[in-house]
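Participant: A predicted structure for the sequence below; I have some questions about it.
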Amino acid sequence: MALRRYMLLWAIGTLICGGLLVYYAARNEINGTAIYHKYTGGRGATSEAVTRETSPAKFRHATNLLWVVALFSLGVAAIGFTFYRKLDDCA
């Protein structure tokens with residue numbers, strides 16, 4: 001029973017995270033603005049606001065990264081719900 005509950009919580013959590021990331025990616029597409037993060041090795045990351053017109057490559061990179069992470073998160077949620085349902089069938 002504990003594994004079933006854990007899988008359900010995992011699936012709900014990743015679904016919420018994926019939904020938020022889809023919202024932010026769609027908002028970037030609609031507004032034409034994004035936050036570009038440049039990772040500088042062990043020193044962390046620097047962030048800059050970019051627009052579609054001023055820096056299209058950085059804008060596309062930032063927005064595509066959000067889409068990829070969102071779809072990955074939603075895929076993990078789907079796998080979690082499927083596993084939860086399979087555990088329900090076994091019980």
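Facilitator: Ah, there it is.
Participant: low-scoring stretches of this structure, by residue?
Facilitator: Judged against pLDDT under 70, the low-scoring parts of the chain cover residues 1, 88-89, 91.
Participant: what about the helices in it?
Facilitator: For the chain, the helices defined by DSSP state H cover 2-31, 56-90.
Participant: let me have the ones you listed in CSV, extended by distance to His37 and mean neighbour count.
Facilitator: For the C-beta atoms, the positions are set from N, CA and C on the backbone; glycine is no exception. Listed next are the helices of the chain as CSV, based on distance: least, C-beta to C-beta, whole Å; neighbours: other C-beta atoms under 10 Å:
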stretch, distance to His37, mean neighbour count
helix 2-31, 13, 15
helix 56-90, 7, 15
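Participant: export the ones you listed as TSV, with columns for distance to Gly42.
Facilitator: Formatted as TSV, the helices of the chain follow (distance: least, C-beta to C-beta, whole Å):
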stretch	distance to Gly42
helix 2-31	26
helix 56-90	21
